[in-house]
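Engineer: Quick one: sequence and predicted model below, then my questions.
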Amino acid sequence: MSENSSRVMPRLNERILSSMNSRSVAAHPWHDLEIGPGAPTVFNCVIEINRGSKVKYKLDNRYGLIKVDKVLYSSVVYPHNYGFIPRTLCEDADPMDVLVLMQEMVQPGSFLRARAIGLMPLIDQGERDDKIIAVCVDDPEFRHYNDLSELPPHRLAEIRRFFEDYKKNENKEVAVNDFLPAEAAVQAIQHSMDLYGEYIVETLRR
């Protein structure tokens, strides 16, 4: 018997078999990635936009891939890694947005563990579009933060100013209200988890 013929091939799990049968080989980061056992306080999140980027990447909800949405019209860049929390749903029909504070830039499409430390209430062109402020729990510099009140004031001012300014050259208005503590962020994530669960139940009934 040859070496190749005696090799034991790995078993394909149900997810892979299902994907092959439907002619799709890509897992969907919104629906297939678990939010994590520590949610809504500690959770997995997928990075769409890396810190320092002028390119706005966005999850394509249909295909599950990260696409280029646009290049920012202003000279500003994203101050921190930005992404979404899987298996959540907000009123705008997208997953919950999250800004993750950490030392390093993270490649779009990567996922990491984060802890909610606050909520940034935001109105984008008249529509609510709140952002979770979080820290990477596997970053030794940031993992000890539990609430945004512990951050240097300049850090929050920097975040606020970015979101107030980054759409100005498109003549689009964005209003940032007062930041809220970690408790409000955890409640917002739980609400988005509940909405996602309701969406799944309703989808299965159809």
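Structural biologist: Yep, that arrived. Residues are numbered from 1 along each chain as shown.

Engineer: C-alpha only now, for contacts and for neighbours.
Structural biologist: Will do.

Engineer: is it true that L122 touches A175?
Structural biologist: Yes. Contact criterion C-alpha atoms under 8 Å: L122 and A175 qualify, at 5.8 Å.

Engineer: check contacts around the residue nearest to V55 when sequence neighbours are not counted.
Structural biologist: Excluding the flanking residues, the one nearest V55 by C-alpha to C-alpha, 6 or more residues apart in numbering is V71, at 4.4 Å. For V71, the contacting residues are 54-56, by C-alpha atoms under 8 Å, 6 or more residues apart in numbering.

Engineer: Would you mind giving the secondary structure of the spatially most central residue of the chain?
Structural biologist: The residue lying closest to the centre of the chain (C-alpha atoms, centre = their mean) is F84, at 1.4 Å. Here F84 is strand, with the state taken from DSSP: H, G, I helix; E, B strand; the rest coil.

Engineer: And it, how far from P140?
Structural biologist: F84 is 22 Å from P140, where distance means C-alpha to C-alpha, to the nearest Å.

Engineer: One more: D194?
Structural biologist: Distance of D194 to P140, computed by C-alpha to C-alpha: 31 Å.

Engineer: Between these two, which is the more surrounded one?
Structural biologist: Higher neighbour count among D194 and P140: D194, with 16 against 10, using other C-alpha atoms under 10 Å.

Engineer: what helix or strand does the more buried one sit in?
Structural biologist: Assigned by DSSP states H and E, D194 belongs to helix 182-205.

Engineer: do I117 as well
Structural biologist: With DSSP H and E as the criterion, I117 is inside strand 111-120.

Engineer: okay, L122 and A175: which has more neighbours?
Structural biologist: Taking other C-alpha under 10 Å, L122 and A175 do not tie; L122 has more neighbours (21 against 17).

Engineer: Just list whatever residues bridge to the more buried one.
Structural biologist: V176 (DSSP bridges).

Engineer: what does L59 give?
Structural biologist: Assessed by DSSP bridges, L59 has beta-bridge partners I66.

Engineer: just checking, it touches V46?
Structural biologist: No. Between L59 and V46 there is no contact under C-alpha under 8 Å: 9.4 Å.

Engineer: Phi and psi next, for E164.
Structural biologist: Backbone torsions of E164, given as degrees, to the nearest 10, read phi -70, psi -30.

Engineer: quick one on the thing from earlier: how much distance is there from the helix holding D194 to the middle of the chain?
Structural biologist: 15 Å (C-alpha atoms, centre = their mean, to the nearest Å).

Engineer: try stretch 30-45
Structural biologist: Put simply, stretch 30-45 sits 10 Å off its chain's centre (C-alpha atoms, centre = their mean).

Engineer: same thing with stretch 42-61?
Structural biologist: Worked out by C-alpha atoms, centre = their mean, stretch 42-61 lies 6 Å from the chain centre.

Engineer: what's in contact with it?
Structural biologist: Against stretch 42-61 from outside (C-alpha under 8 Å, 6+ apart): 29-30, 34-37, 65-72, 75-86, 98, 104-116.
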